[in-house]
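Engineer: Quick one: sequence and predicted model below, then my questions.
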Amino acid sequence: MIGKGGRFQHGEGIQVGLSPMVTHRFKLDDIVAAYDLFSHQRDGVLKVAIKPG
């Protein structure tokens, strides 16, 4: 389950920050470029975050 601050909460109370896994951020308008980057695994991408606006 994802808790406050984008932290994954393990069932035993362990929290892991997921932000370091996000290597690229895109606006919603650029979702095609984000998908292309991730699908071709370029530029060291691990996780792409899409933000509105």
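Structural biologist: Looks like it arrived, so ask away.
Engineer: going forward, measure contacts between C-alpha atoms and count neighbours the same way
Structural biologist: Will do.
Engineer: Low-confidence ranges, the protein, go.
Structural biologist: 1-13, 15-16 (pLDDT under 70).
Engineer: Quick one: the helices in it, in order.
Structural biologist: 31-39 (DSSP state H).
Engineer: residue ranges of the strands in it, please?
Structural biologist: For the chain, the strands defined by DSSP state E occupy 7-9, 15-17, 24-27, 48-51.
Engineer: Only C-alpha atoms, please: export the third one in CSV.
Structural biologist: Presented in CSV, the C-alpha positions along strand 24-27 are these (Å, rounded to 0.1, in the frame of the first residue of the first chain):
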residue,chain,number,x,y,z
HIS,A,24,12.2,10.6,-15.2
ARG,A,25,9.2,12.9,-14.8
PHE,A,26,6.9,14.1,-17.6
LYS,A,27,3.8,16.3,-17.9
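Engineer: who does that strand pair up with?
Structural biologist: strand 48-51 (parallel) (DSSP bridges).
Engineer: Go through the strand it pairs with and flag the buried ones.
Structural biologist: 48, 50 (16 or more other C-alpha atoms under 10 Å).
Engineer: And for stretch 21-37?
Structural biologist: Buried, per 16+ other C-alpha under 10 Å, within stretch 21-37: 24, 26, 31, 34, 37.
Engineer: thought the third one was touching residue 50?
Structural biologist: In this case it means residue 31. Yes: counting by C-alpha atoms under 8 Å, residue 50 is a contact partner of residue 31 at 7.1 Å.
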